[in-house]
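1. structural data only, the sequence is not supplied:
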């Protein structure tokens, strides 16, 4: 059976100084064979195994959400008899699954609330933009109407566009 790094380090910390607890007691608590613990200790002495300092192992609380979700789904599919061994293999406690389920539920609720508020904000923004667009379309229609009237007026009185826009040189 393969145990997680965090689980192995936790067991080794209990049997090594400063705790110096009995290998057999720790083995019974953790559900690991004492031979396995002795094997880990000998590998540690030979330098084939490294014990990371306490606090550097990421705890299950610090694991990424996608890993928590995957493990939660995997754990829920197992029968109750096999769940204990699976938890030890992954360095977990049954409380982790309950906490993760609550955490993921809260995360999804928060995400849903955020999406609802974002949709509400976007609808308001669209409404404001449509209102502004209508105002600008009305202003544009008014300008076009004024230009049409000006052209008709200029045509009626024979005013040439070049004459009305060119500066007069006689006045200086």
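-> Noted; the coordinates are in hand. The structure presented is a predicted model; accordingly, all values stated were derived computationally and were not measured.
2. what number of residues lie near residue 109?
-> 10 (other CB atoms under 10 Å). C-betas here are computed from N, CA, C, even on glycine.
3. checking it next. Helix, strand or coil?
-> For residue 109, the secondary structure call by DSSP: H, G, I helix; E, B strand; the rest coil comes out as helix.
4. measure it to residue 46 for me?
-> Computed with CB to CB, to the nearest Å, the distance linking residue 109 and residue 46 is 51 Å.
5. where in this protein is pLDDT low?
-> 1, 53-59, 62-63, 161-172 (pLDDT under 70).
6. distance of the residue nearest the centre of it from residue 136?
-> Central residue check for the chain by CA atoms, centre = their mean: the C-alpha nearest the mean position is that of residue 65, 7.9 Å away. Applying CB to CB, the value for residue 65 to residue 136 is 45 Å.
7. repeat that for residue 149.
-> 20 Å.
8. which elements pack onto whichever strand or helix holds residue 28?
-> With elements taken from DSSP states H and E, the one containing residue 28 is helix 23-30. For helix 23-30, the helices and strands in contact under the criterion 3 or more CB pairs under 8 Å, 6 or more residues apart in numbering; DSSP states H and E are helix 5-15, helix 34-46.
9. tell me which of those helices is the most buried.
-> Counting by mean count of other CB atoms under 10 Å, helix 5-15 has the highest mean neighbour count of those, with a mean of 19.
10. which residues are contacting that helix?
-> Outside helix 5-15, the residues within contact range by CB atoms under 8 Å, 6 or more residues apart in numbering are 3, 19, 21-23, 26, 30, 32, 37, 40-41, 44, 51-52, 54, 57-60, 88-91.
11. quick revisit: name the residues of the helix holding residue 28 that come out as buried.
-> Neighbour counts using 16 or more other CB atoms under 10 Å place 23, 26, 27, 30 of helix 23-30 among the buried residues.
12. ok, now stretch 138-149?
-> Under the neighbour-count criterion of 16+ other CB under 10 Å, stretch 138-149 has nothing buried.
13. please compute how far it lies from its chain's middle.
-> Its chain's C-alpha centre lies 51 Å from the corresponding centre of stretch 138-149 when counted by CA atoms, centre = their mean, to the nearest Å.
14. heads up, I number from 8, so please use that
-> Shifting the count to begin at 8 puts that one at stretch 145-156.
15. what does it rub up against?
-> Stretch 145-156 is contacted by no other residue when judged by CB under 8 Å, 6+ apart.
16. how near is the residue nearest to the centre of the chain to residue 85?
-> Computed with CB to CB, the distance linking residue 72 and residue 85 is 21 Å.
17. same question, residue 34
-> Using CB to CB, residue 34 is found at 23 Å from residue 85.
18. and residue 47, by the same measure?
-> Applying CB to CB, one obtains 26 Å for the distance of residue 47 from residue 85.
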